[in-house]
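Undergrad: Provide a 3D model corresponding to the input given below.
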Amino acid sequence: MKLERKHAFVLLAIAAWNVITYLRFIKALVDTEDRPTGYYVAHTILIIVNLLIAALLGTWGVRAYKASKAAQNSKV
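TA: Numbers count the residues shown, from 1 in each chain. This is a model prediction of the structure:
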């Protein structure tokens, strides 16, 4: 499957959404008090995994965008 520019924008949008929502989640987690340690550990792992997913999707989005731009320039 060939990724086009529209796919790149979708990947970048999802990556940005993950970062924005999980930064908000971090703030909410910091403001939470009186929870067992397991709560913080589990949610910290969720945050880390989702930020890594965002980084991966962002990387794929940038690569797809550059590839679509290069393909478009080679056609001209």
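Undergrad: give me the element residue 66 is part of.
TA: Element membership of residue 66 [criterion: DSSP states H and E] is helix 37-75.
Undergrad: buried residues in that helix?
TA: Using 16 or more other Cβ atoms under 10 Å as the test for burial, helix 37-75 gives 43, 51, 54, 57, 58, 60, 61, 64, 65, 68. All C-beta spots, glycine's among them, are computed from the backbone N, C-alpha and C.
Undergrad: now, among the residues you listed, which is nearest to residue 5?
TA: Nearest to residue 5 among the buried residues of helix 37-75: residue 68, at 4.3 Å, using Cβ to Cβ.
Undergrad: what's near enough to touch the closest one?
TA: 3, 4, 5, 8 (Cβ atoms under 8 Å, 6 or more residues apart in numbering).
Undergrad: ok, and the closest non-adjacent residue to the residue most central in space within the chain?
TA: The centroid of the chain falls nearest to residue 54 when counting by Cα atoms, centre = their mean (1.7 Å). Nearest residue to residue 54, sequence neighbours excluded (Cβ to Cβ, 6 or more residues apart in numbering): residue 18, at 3.7 Å.
Undergrad: neighbours of the one you found, how many?
TA: Around residue 18 there are 18 other residues, counting by other Cβ atoms under 10 Å.
Undergrad: element containing it, please.
TA: helix 5-31.
Undergrad: quick one: that helix to chain centroid distance?
TA: 5 Å (Cα atoms, centre = their mean, to the nearest Å).
Undergrad: one step back: so the residue nearest to residue 54 touches residue 51, yeah?
TA: Yes - contact criterion Cβ atoms under 8 Å: residue 18 and residue 51 qualify, at 7.1 Å.
Undergrad: in stretch 19-32, what's buried?
TA: By neighbour count on 16+ other Cβ under 10 Å, the buried set for stretch 19-32 is 19, 22, 29.
Undergrad: and the residues you listed as CSV, adding distance to residue 47 and pLDDT?
TA: Formatted as CSV, the buried residues of stretch 19-32 follow (distance: Cβ to Cβ, whole Å; pLDDT from 0 to 100):
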residue, distance to residue 47, pLDDT
19, 11, 97
22, 5, 96
29, 7, 94
